[in-house]
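Asks: Could you look at this predicted model? Sequence included:
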Amino acid sequence: MTRLSLTEFRCYQAARLDVDARPVVLTGPNGAGKTNLLEAISFLAPGRGLRRARLSEVDRRGGARGWAIAATLVGPDGPTEIGTGRETSGERRVVKVEGEVVRSQATLAEYTTIVWLTPQMDGLFTGSAAARRRFLDRLVFGFDPAHAGRISAYENAMRQRARLLREGRSDESWLAALEQTMAKRGIAIAAARREMVARLNRACAAGTGPFPKAAIEAAGAVETWLDDGPAIAAEDRLKAELAAGRPEDAQSGGAGVGPQRSDVRVTDLDTEAPADQCSTGEQKALLIAIVLADARLRAAERGTAPLLLLDEVAAHLDADRREALFAEICDLGAQTWLTGTDAALFEGLAGEAQFVAVEDAAVRLLS
């Protein structure tokens, strides 16, 4: 990303930052607006951003209704102008590519992959399975942009089915069509996650340095079916399970089976300890190891590393791991945005990164 512009976003009435492909270090006091900048960048990917906020919650307090983000993304095919924001009313998000409104925010996955680590993710391995699935799905987007569309189509069909069941409408043909969509998309989602996990495990096992080696597993009923036979058989089974589960799903809402019920399990290969039983520091190190493995894969297979957003990560690493993180970021050529209150923590990036001062919702490029 070479340009980022914000309008009426969080604490920013207006801001613009022009940078190059090197890492970007944002330093400043707490509450200055560093994480808000990362959140703005995260909206350049499909989804609800790194805070998973409602669109109206992002409006600048006391400012005009609605907000906008614009950026220039430079890829193998040259620069692309991307824009997104909230209209002045409602919760509708608009996405533009080269000034033209696109049909779905899933289109953003075709232009960039963004992976983030925030302090709120420190409990990823002990928190909800949904958060772990979202983390893995964001890694999948980098290799398979269509994955975002599959998830959107699956969730839309699941919502429609839940509404029909809740209302007691026994439209067999409509329900069967929705369940066929869920079966087709759901197995494709599970297969993409399994393929991503296999790639990550190979990359993690080959990792060197002070970060732990992670073993990852996508675990659930649909993944087991893919282990047992071909995808078409798994689709048929999921469709049959959905049809059989209609009475229960009418009571509970959602669906009792499908990729939305799967989990992502991580183990530290060095100690053989499940991630949820590791210390907080080792859990963060495992997360960083997975993100770095993904970046190595992207650089090797696609020629470009993902855009990384690392919020307050350096402060929680010892000196060896901090320097190893900086070295790998630079070796990969990954444009990484790092935040911190203490500029001294980033001395290892002197001459390798761009330093930006953030204070009172204003940004200033230092070097």
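Replies: Arrived safely. Just so it is clear, the model here is predicted, and its values are computed rather than measured.
Asks: who touches stretch 65-83?
Replies: 1-10, 21, 40-41, 43-44, 58-60, 84-89, 94-99, 108, 111-112, 303-304 (C-beta atoms under 8 Å, 6 or more residues apart in numbering). The way it works is simple: take the backbone N, C-alpha and C, and place the C-beta from them, glycine included.
Asks: buried subset of those residues?
Replies: 1, 4-10, 40-41, 43-44, 58-60, 84-86, 95-97, 108, 111-112, 304 (16 or more other C-beta atoms under 10 Å).
Asks: Wait, a strand at residue 5?
Replies: Yes. Counting by DSSP: H, G, I helix; E, B strand; the rest coil, residue 5 is part of a strand.
Asks: thought it was touching residue 15?
Replies: Yes. Under the criterion of C-beta atoms under 8 Å, residue 5 makes contact with residue 15 at 7.1 Å.
Asks: now the strands: where do they sit in the stretch 151-300 of the chain?
Replies: 214-219, 263-268, 273-274 (DSSP state E, counting those that start in this stretch).
Asks: Now do the phi/psi pair for residue 364.
Replies: phi -140, psi 120 (degrees, to the nearest 10).
Asks: Run through the residues that contact the most centrally placed residue in the chain.
Replies: With distances taken as C-alpha atoms, centre = their mean, the residue of the chain nearest its centroid is residue 138 (3.6 Å). Going by C-beta under 8 Å, 6+ apart, residue 138 touches 45, 47, 113, 114, 115.
Asks: where are the low-confidence patches of the chain?
Replies: Judged by pLDDT under 70, the chain has no weakly predicted residues.
Asks: That one: helices as residue ranges?
Replies: Assignment of helices within the chain using DSSP state H yields the ranges 34-42, 129-143, 146-167, 172-205, 221-228, 231-244, 246-252, 280-302, 319-332.
Asks: Point out the most buried one among these.
Replies: helix 34-42 (a mean of 24; mean count of other C-beta atoms under 10 Å).
Asks: other SSEs contacting that helix?
Replies: strand 3-9, strand 12-18, strand 24-27, strand 114-117, strand 307-311, strand 336-340 (3 or more C-beta pairs under 8 Å, 6 or more residues apart in numbering; DSSP states H and E).
Asks: distance between the third one and the chain's centre?
Replies: The chain centre lies 21 Å from the centre of strand 24-27; the measure is C-alpha atoms, centre = their mean, to the nearest Å.
Asks: out of the helices and strands packed on helix 34-42, nearest to residue 244?
Replies: Closest to residue 244 of those, according to C-beta to C-beta: strand 114-117, at 37.8 Å.
Asks: close enough to count as contact, residue 321 and residue 285?
Replies: Yes. The criterion here is C-beta under 8 Å, and residue 321 meets it with residue 285 at 6.6 Å.
Asks: which residues are common contacts for the two?
Replies: With C-beta under 8 Å, 6+ apart as the test, residue 321 and residue 285 both reach residue 211.
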